[in-house]
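Chemist: Quick one: sequence plus predicted model below, questions after.
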Amino acid sequence: MTTSPYHLTTLSNGLGIALRPMPQAQSVAVGVWVRAGGRYETEGLAGISHFIEHLLFKGTRRRSCEALKQAIEGVGGSLNGFTAEEFTCYLAKVPARHARRALDVLADMVCRPRLAASDVEKERDVIIEEIRMYDDTPGQYVHDLFSQLLWPDHPLGLLLSGTIDTVRRMARQDLSRYWRRMYQPPNLLVAAAGRLEPDAIAREARRAFGTGGGRRFNGFLRAPRPRRGPQVRVWNKPTEQSHLCAGTYAIPRTHPDRFALELLHVVLGANMSSRLFREVREKRGLVYEIGTQIKRFHDTGAFVVHAGCDTGKLAETVRTIFTELARMRRGAVSRAELKRAKDYYTGQLLMGLEDTMDHMLWMGEQVVTVGRVARTERLLEHVARVTERDLRRVARHLFVTDKMHLAIVGPIAEPEANRLSALCRIG
């Protein structure tokens, strides 16, 4: 066996560290991952993980908001963060000689945020404007509507940003209490990829995050039983296009069929060679944009088709999408098509891993969610073993009328939902 290129360790205080030296690179990407996200929230505090993410950029006990940004951007780097359902990530990319600075800044943000009352009030208004922006972006909002349709009355169906009401109601004490509970070393992971020396980064992480402990917080509600479909939800909005998400429940993050699902995604909607792009856009001219997406969670997932079309062509677009899903379920994938899918997946993965930030994100998400990193060559071996029969078997499991869901944002009357529901059939 070859030696793993990844260095994984856990410090005595529970802090995880995942490192990938890339000697050929000129940069280092650093991420501090927190096991806190939308799944860990209650309905009354929906959006609190995202609120905390915003506040951590407003300053620390050592650095002002401007000093944080200038410490990274002043050396040619970039600083950012994002919130997801099962984690939050704070990230920086800098020239390699400034790796220590990047880690120190991120540790300062995560471990010593100011959380000042004035910042809470200002950022509350900023987040409310962000929510309004998403409401005015139907191509994005339809994805949130689709999640609500799949997982109603469950944290997975809540908006990551929260609602205007929950954000308005959130008190500084709520935010401070959530930060103290979730931002403990056993709940954190430092991931870095690039031109780095692993022992030096590990020493710096130990210094930056201290020796204090805490406990790891693992509590989120398991996904509920799938709803029987087809379920259709229409959000009437006076837009130029109708935007839709159609799809179904998929498989958990570590399910053995995940490699077949990835290739199913490529065959159906990952690129311009995919079936949906060719049939719905190129052949019929129904849409400008169409594609597929996989949502991966600890105990569930989703396979989503997304598109935007003229409202007058909505019924034909939905019918054509479901016809293609049915064809995927019934018919065979040719050897040539499967080979193209495998080559595309392999090429995209290997090219992505050349970039230090993409590599850090790929590695960090795996470690923070499942505690390990897939060896690239092992992963590609699994992909290479996927057969045409595997794709058809997974398609038959996913694409069943009773499991299908459809969300639409556009100038559509609510009674149209019944007519559209009749089109959500897998023949």
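Modeler: Good, I have the coordinates. Numbering: from 1, shown residues only.
Chemist: quick one, helices of the stretch 51-200 of the chain?
Modeler: Secondary structure of the stretch 51-200 of the chain, counting by DSSP state H, counting those that start in this stretch: helices at 65-73, 99-111, 117-135, 138-150, 164-169, 172-182, 198-209.
Chemist: How about the stretch 251-400 of the chain?
Modeler: With DSSP H, counting those that start in this stretch applied, the stretch 251-400 of the chain shows helices at 258-269, 275-276, 314-330, 335-352, 356-370, 376-385, 388-398, listed in chain order.
Chemist: Packed most tightly, which of those helices would that be?
Modeler: Comparing the helices of the stretch 251-400 of the chain on average neighbours per residue, with mean count of other C-beta atoms under 10 Å, the densest one is helix 258-269 at a mean of 22. (C-beta placed from N, C-alpha, C; glycine too.)
Chemist: Where does pLDDT dip in the stretch 1-150 of the chain?
Modeler: Judged against pLDDT under 70, the low-scoring parts of the stretch 1-150 of the chain cover residues 1-2.
Chemist: Tell me who's in contact with residue 287.
Modeler: Taking C-beta atoms under 8 Å, 6 or more residues apart in numbering, we find residue 287 in contact with 280, 281, 307, 308, 309, 313, 317.
Chemist: tell me the contacts of the first one?
Modeler: Pointing back at residue 280 there. Residue 280 sits next to 286, 287, 290, 307, 317, 320, 321, 324 when contact means C-beta under 8 Å, 6+ apart.
Chemist: Who does the third one form a beta bridge with?
Modeler: The one in question is residue 290. On DSSP bridges, the residues paired with residue 290 through beta bridges are residue 307.
Chemist: my read: it touches residue 306, true?
Modeler: Yes: counting by C-beta atoms under 8 Å, residue 306 is a contact partner of residue 290 at 7.1 Å.
Chemist: Now do the SS call for residue 409.
Modeler: For residue 409, the assignment made with DSSP: H, G, I helix; E, B strand; the rest coil gives strand.
Chemist: And it, how close does it get to residue 280?
Modeler: Residue 409 sits at a distance of 18 Å from residue 280 (criterion: C-beta to C-beta, to the nearest Å).
Chemist: One more: residue 317?
Modeler: Between residue 317 and residue 280 the distance is 6 Å, computed by C-beta to C-beta.
Chemist: Common neighbours of the two, please.
Modeler: With contacts taken as C-beta under 8 Å, 6+ apart, residue 317 and residue 280 have 286, 287, 307 as neighbours in common.
Chemist: So which of those residues is the closest to residue 243?
Modeler: Nearest to residue 243 among the shared contacts of residue 317 and residue 280 is residue 307, at 7.5 Å by C-beta to C-beta.
Chemist: Pull the contacting residues for that closest one.
Modeler: If a contact means C-beta under 8 Å, 6+ apart, then residue 307 has 243, 244, 280, 287, 289, 290, 291, 317, 321 as its contacts.
Chemist: returning to what we had before: which one of the contacts of residue 287 is nearest residue 368?
Modeler: The nearest member of these to residue 368, counting by C-beta to C-beta, is residue 307 at 31.7 Å.
Chemist: which of the contacts of residue 280 sit farthest apart?
Modeler: Of all pairs drawn from these, the greatest distance, 12.6 Å, lies between 287 and 324 (C-beta to C-beta).
Chemist: Out of the helices of the stretch 51-200 of the chain, the one nearest residue 32 is which?
Modeler: Each of these was scored for nearness to residue 32 using C-beta to C-beta, and the closest is helix 99-111 (4.7 Å).
Chemist: name the helices or strands packed onto the closest one?
Modeler: Secondary-structure packing of helix 99-111 (3 or more C-beta pairs under 8 Å, 6 or more residues apart in numbering; DSSP states H and E): strand 27-34, helix 65-73, strand 88-95, strand 188-194, helix 198-209.
Chemist: can I get these in a markdown table with distance to residue 418 and mean neighbour count?
Modeler: Output for these, formatted as a markdown table (distance: least, C-beta to C-beta, whole Å; neighbours: other C-beta atoms under 10 Å):
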| stretch | distance to residue 418 | mean neighbour count |
| --- | --- | --- |
| strand 27-34 | 43 | 28 |
| helix 65-73 | 51 | 16 |
| strand 88-95 | 40 | 23 |
| strand 188-194 | 47 | 28 |
| helix 198-209 | 56 | 17 |
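Chemist: can you redo these as JSON lines with distance to residue 355?
Modeler: Output for the helices and strands packed on helix 99-111, formatted as JSON lines (distance: least, C-beta to C-beta, whole Å):
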{"stretch": "strand 27-34", "distance to residue 355": "8"}
{"stretch": "helix 65-73", "distance to residue 355": "18"}
{"stretch": "strand 88-95", "distance to residue 355": "9"}
{"stretch": "strand 188-194", "distance to residue 355": "9"}
{"stretch": "helix 198-209", "distance to residue 355": "19"}
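Chemist: Would you tell me which of those gets closest to residue 337?
Modeler: Ranking these by distance to residue 337, with C-beta to C-beta as the measure, places strand 188-194 first at 33.3 Å.
Chemist: so what strands line up beside the closest one?
Modeler: With DSSP bridges as the criterion, the sheet partners recorded for strand 188-194 are strand 16-21 (parallel), strand 27-34 (antiparallel).
Chemist: tell me the angle that strand makes with helix 198-209.
Modeler: 140 degrees (axes from the mean of the first three to the mean of the last three C-alpha atoms, to 10 degrees).
Chemist: can you give me the mean pLDDT across strand 188-194?
Modeler: Looking at strand 188-194 alone, the average pLDDT works out to 98.
Chemist: Please list the residues outside it that contact it.
Modeler: Among residues not part of strand 188-194, those counted as contacts by C-beta under 8 Å, 6+ apart are 15-22, 25, 27-35, 96, 99, 103, 110, 201, 205, 209, 356-357, 359-360, 363-364, 367-368.
Chemist: please redo it, this time with the cut-off set to 7 Å
Modeler: Counting by C-beta atoms under 7 Å, 6 or more residues apart in numbering, strand 188-194 makes contact with 15-20, 22, 25, 27-34, 96, 99, 110, 201, 205, 356, 359-360, 363-364, 367-368, all of which sit outside it.
Chemist: try stretch 72-82
Modeler: Applying C-beta under 7 Å, 6+ apart, the set of residues contacting stretch 72-82 from outside is 53, 57, 69, 89-95, 98, 101-102, 105.
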